[in-house]
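>>> fold the following.
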Amino acid sequence: MTLMTELEDIVRLITELGVIVRLITELEDIVRLITELEDIVRLITELEDIVRLMSEMGDIVRLITELEDIVRLMTELEDIVRLITELEDIVRLMSELEDIVRLMSEMEDIVRLMSELEDIYALILQGVEYMFGIVGVPVIEIGLAAQAEGIKFIAMRNEQAASYAASAIGYLTKKPAVCLVVSGPGLVHALAGMANAMENCWPLIVVGGSCDSDQEAMGGFQEYPQVEAARHYSKFSARPSSISKIPYYVEKLLTIELNETKISFSFYCKSVHLNCYMFSGAAYAQAEDVINQLVEMTQLPVLPTPMGKGVVPDDSPLCISAARSKALQEADVILLLGARLNWMLHFAAPPRFSSKVKIIQVDICPEEMGNNSASGVALPGDVGVVVSQIVKNIKSRSVQFKFSADSLWWSLLRKKIEANVQNVQTMSNDNSIPLNYYAAFSEAVRTCLYGRPGVSYIDMTGDLIGGQVEDNNVGQMLDAGTFGTMGVGVGFAIAAAIYCRDYWPNKRVVCVQGDSAFGFSGMEIETIARYHLPVVIIIFNNNGISYGIKEDTWENAKKAGDLFITIPPTSLQPNTRYEKLIEAFGGKGYFAKTKEELRESLQSSLKDQTPSIINVMIDPGAQRKTQEFFWLTKSNL
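Below you'll find the model as predicted:
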């Protein structure tokens, strides 16, 4: 039992030893594992070192990359520096180019100024005193240069009125004025005044701008065929090719050759019905003294056309204006001084002229000789020169010609004068309201204008008034002239007022025109006010063109439907208060319906140096004196 127990103990011990051995083995494994773990830890430590090294290597790589970037940036910076250097060179070149451009611009300015000064000096050498116009690119400097050299510049509101004014003052001063306009539309607007001056044979120089020559046919600013357009309305039109050519062109514009003409006077001394007719050519020629000498020597009946009034005083017993129709129709010989046989003299054709009339025509333009009348004598030359030779011829004769005041012809003319004066007087004495034209103007003439040496007339009423004004001074009255141009009145009035200021001190200008004509250049009243020109404008307001519209008819037309259909083309808005316009510019406005109101308004305006407008209401249906020949009034509404 004991042995067995011991054996069991031994077995148990052996078993335990086996366990111990196994544990020892396991411990060895653990030790080995620990050793391996140490190796692993060492490896981990080494890996950490490697990782750290790798991290450091990454930093190095990154640094290397950054260095590469820095190197690349430095390379780029070198490029930038090189570019900056090049840019500096470019900037320096640009600066030099700017200097060159500036110098070129200054040279262009100098060239332009030289051109403008050449223009001005050329004009000064030709005696130009006045320049009218509207400035803009490229002619602003010309206006300034003109003023700097003493040429008076009158800035207008429209080139049309400017060209009218420049031509009128040229007629009054007997030397051309300048109308300054911009290129393109400015020149086109001035063509109206050029055409009017051309037809009236008045001197006018138009100076216009132009697009650059290197932009021609490219659509340059305000490019227009100006030379070609102006050629139809002028005797000479050109564009100077260089600065040096400007004086040549200006002188060419003003060169007129006058050739004396030998005359045979015996042709008309045997005439029974002999007349002497004069037009503005006689007035412009300053031939009034020698013409008066001629008519006094011969006692010829004298019939002036409107712009020839005053050459022979209207109050002269030899003046037969009131017998115009009879004088035209029955004369068998006519001495025509500076007149043209156009519509104003009915083309010298029947029934207004005798079919057998012989005409002795004196005109400075040879091409006018024989127009509309082939029979007679042509005497091309200056009116004053030719008439002087006629007078000399008469004086050289042993028996001098003199037309008898007791002749039948003079008797017939006086009888016709009396009848026509009575006819007009009847209409003038009509006090009906609204006034007729003759009543309104006769009141102005009788009460305020007639007999006043200090008043000039601008008549724009379609020849209704010209026959009523007795003009005893040449150049005393302007009217629409040969072209019959509507709307020239305000421009003419400005020219006349400037002329009076400089050449005829204390003389006043009265512009008489219709309401429609006033509308053409109405804003030029600002020009009148700006230059303190004491112009009196009388507007004959009949609410329309030729035939006006009554207020009740106007109201009915508004109710009837579309105004574009119901209002007659001749109508303007009734009772328009035009006189209010001048008040906006510091002038004085007057409204008149009766003779008394007109008289008071005109007396007040003539006492004041302030520009004024007198708005006179006229009967919209008022008629002019009945014509003896129906064909003279083609439109009978």
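>>> does residue 558 belong to a helix, a strand or coil?
helix (DSSP: H, G, I helix; E, B strand; the rest coil).
>>> contacts only, for it.
residue 566 (CB atoms under 8 Å, 6 or more residues apart in numbering). The C-beta positions use only the backbone N, C-alpha and C, and glycine is treated the same way.
>>> repeat for residue 615
539, 541, 577, 578, 579, 589, 590, 591, 592.
>>> you'd agree it is in a strand?
Yes. With three-state DSSP as the criterion, residue 615 is part of a strand.
>>> bridging residues for it?
residue 539, residue 591 (DSSP bridges).
>>> what separation do you get for it and residue 541?
Distance, residue 615 to residue 541, using CB to CB, to the nearest Å: 6 Å.
>>> and if you look at residue 429?
From residue 429 to residue 541 the distance is 22 Å (CB to CB).
>>> neighbour-wise, which of those two wins?
With neighbours defined as other CB atoms under 10 Å, residue 429 and residue 541 compare such that residue 541 has more, 27 against 10.
>>> name the nearest residue to that one, sequence neighbours excluded.
residue 515 (4.4 Å; CB to CB, 6 or more residues apart in numbering).
>>> the one you found: neighbour count?
The burial count for residue 515: 23, using other CB under 10 Å.
>>> read off the pLDDT value for it.
On the pLDDT scale, residue 515 is placed at 94.
>>> if I pick the spatially closest residue to residue 621 that is not a sequence neighbour, what's in contact with it?
Of all residues not flanking residue 621 in the chain, residue 547 sits nearest, at 6.8 Å (CB to CB, 6+ apart). By CB under 8 Å, 6+ apart, residue 547 lies in contact with 568, 570, 620, 621, 637.
>>> pull the host helix or strand of residue 526 out as PDB, backbone CA atoms only.
Using DSSP states H and E, residue 526 sits in helix 525-530. Output of helix 525-530 as PDB, limited to C-alpha atoms (Å, rounded to 0.1, in the frame of the first residue of the first chain):
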ATOM      1  CA  ILE A 525     -33.500 136.600 -81.900                       C
ATOM      2  CA  GLU A 526     -31.100 135.200 -79.300                       C
ATOM      3  CA  THR A 527     -28.300 136.300 -81.500                       C
ATOM      4  CA  ILE A 528     -29.900 139.800 -81.700                       C
ATOM      5  CA  ALA A 529     -30.200 139.900 -77.900                       C
ATOM      6  CA  ARG A 530     -26.700 138.500 -77.300                       C
END
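>>> please check the contacts of residue 615 and keep the buried ones.
539, 541, 578, 579, 589, 590, 591, 592 (16 or more other CB atoms under 10 Å).
>>> check contacts around the second one.
With contacts taken as CB under 8 Å, 6+ apart, residue 541 has the following neighbours: 514, 515, 575, 576, 578, 615, 616, 617, 618.
>>> quick one: pLDDT of it?
Confidence at residue 541, expressed as pLDDT, is 95.
>>> how close does it get to residue 552?
Residue 541 is 17 Å from residue 552, by CB to CB.
>>> about what we covered before: now the residue nearest to residue 621. Its backbone dihedrals?
phi -110, psi 130 (degrees, to the nearest 10).
>>> tell me what it is bridged to.
residue 545.
>>> picking that back up, want to throw the buried ones among the contacts of residue 615 into a markdown table with distance to residue 234?
Shown next, in a markdown table, are the buried ones among the contacts of residue 615 (distance: CB to CB, whole Å):
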| residue | distance to residue 234 |
| --- | --- |
| 539 | 32 |
| 541 | 36 |
| 578 | 34 |
| 579 | 38 |
| 589 | 39 |
| 590 | 40 |
| 591 | 42 |
| 592 | 42 |
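>>> before we move on, the earlier item: want to throw the contacts of residue 541 into TSV with distance to residue 215?
Output for the contacts of residue 541, formatted as TSV (distance: CB to CB, whole Å):
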residue	distance to residue 215
514	44
515	44
575	51
576	45
578	44
615	48
616	52
617	53
618	52
